[in-house]
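Visitor: Take a look and give me a structure for this.
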Amino acid sequence: MGKRLYIGNLPYRTTEDELRGLFGQAGEVVDVAIPIERESGRPRGFAFVEMADDAAASQAFQQFNGYVLLGRELRVNESQPRPSGSGGRERDGRRDGRGDRGGWGRDGS
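Guide: This next block holds a predicted model:
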């Protein structure tokens, strides 16, 4: 089973292929995902890279945590599961990410 890494402070123009090639230097890359903002369709500035095994993930951490890519210093950490109840509310079985108040108050504030 692979090990998933969180890659923070990612340059917005980085592609999945570029990450696959970069992290492939440390070992086999199983998957790359760059989350996109729903409203703008732009990358959110972080990614997830799944390495084939613990050894490859460890090598990727050592090699790329602090690595400067396109002028930005990458932060590499082991991906943590999203905590349950972390803001947002469910609507039709999906989380809308707006927190408990859901945006603006009724008085416009």
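Visitor: Would you map the helices across the chain?
Guide: In the chain, the helices defined using DSSP state H lie at 16-23, 54-64.
Visitor: What residues sit buried inside the last one?
Guide: Going back to what we said before, that points to helix 54-64. By 16 or more other C-beta atoms under 10 Å, the buried positions in helix 54-64 come out as 56-57, 59-61, 64. Quick note: C-beta positions are derived from backbone N, CA and C, even for glycine.
Visitor: Please apply the same query to the first one.
Guide: Residues of helix 16-23 classed as buried under the neighbour-count rule (16+ other C-beta under 10 Å) are 18-19, 22-23.
Visitor: Tell me the bridge partners for the closest residue to residue 5 other than its chain neighbours.
Guide: Among residues not flanking residue 5 along the chain, residue 49 sits closest, at 4.9 Å (C-beta to C-beta, 6 or more residues apart in numbering). Under DSSP bridges, the beta-bridge partners of residue 49 are residue 5, residue 32.
Visitor: how deep is residue 15 tucked in, by neighbour count?
Guide: Neighbours of residue 15 under the rule other C-beta atoms under 10 Å: 12.
Visitor: how far away is residue 16 from residue 54?
Guide: 23 Å (C-beta to C-beta, to the nearest Å).
Visitor: Oops, could you answer that again for residue 34 instead?
Guide: The spacing between residue 34 and residue 54, counted by C-beta to C-beta, is 23 Å.
Visitor: can you pull the contacts of residue 56?
Guide: 3, 26-28 (C-beta atoms under 8 Å, 6 or more residues apart in numbering).
Visitor: quick one, what contacts residue 55?
Guide: Under the criterion of C-beta under 8 Å, 6+ apart, the contact list for residue 55 reads residue 27.
Visitor: With residue 59 instead?
Guide: Per C-beta under 8 Å, 6+ apart, neighbours of residue 59: 26-27.
Visitor: Can you get me the start-to-end distance on stretch 61-73?
Guide: End-to-end distance of stretch 61-73 (C-alpha to C-alpha, to the nearest Å): 13 Å.
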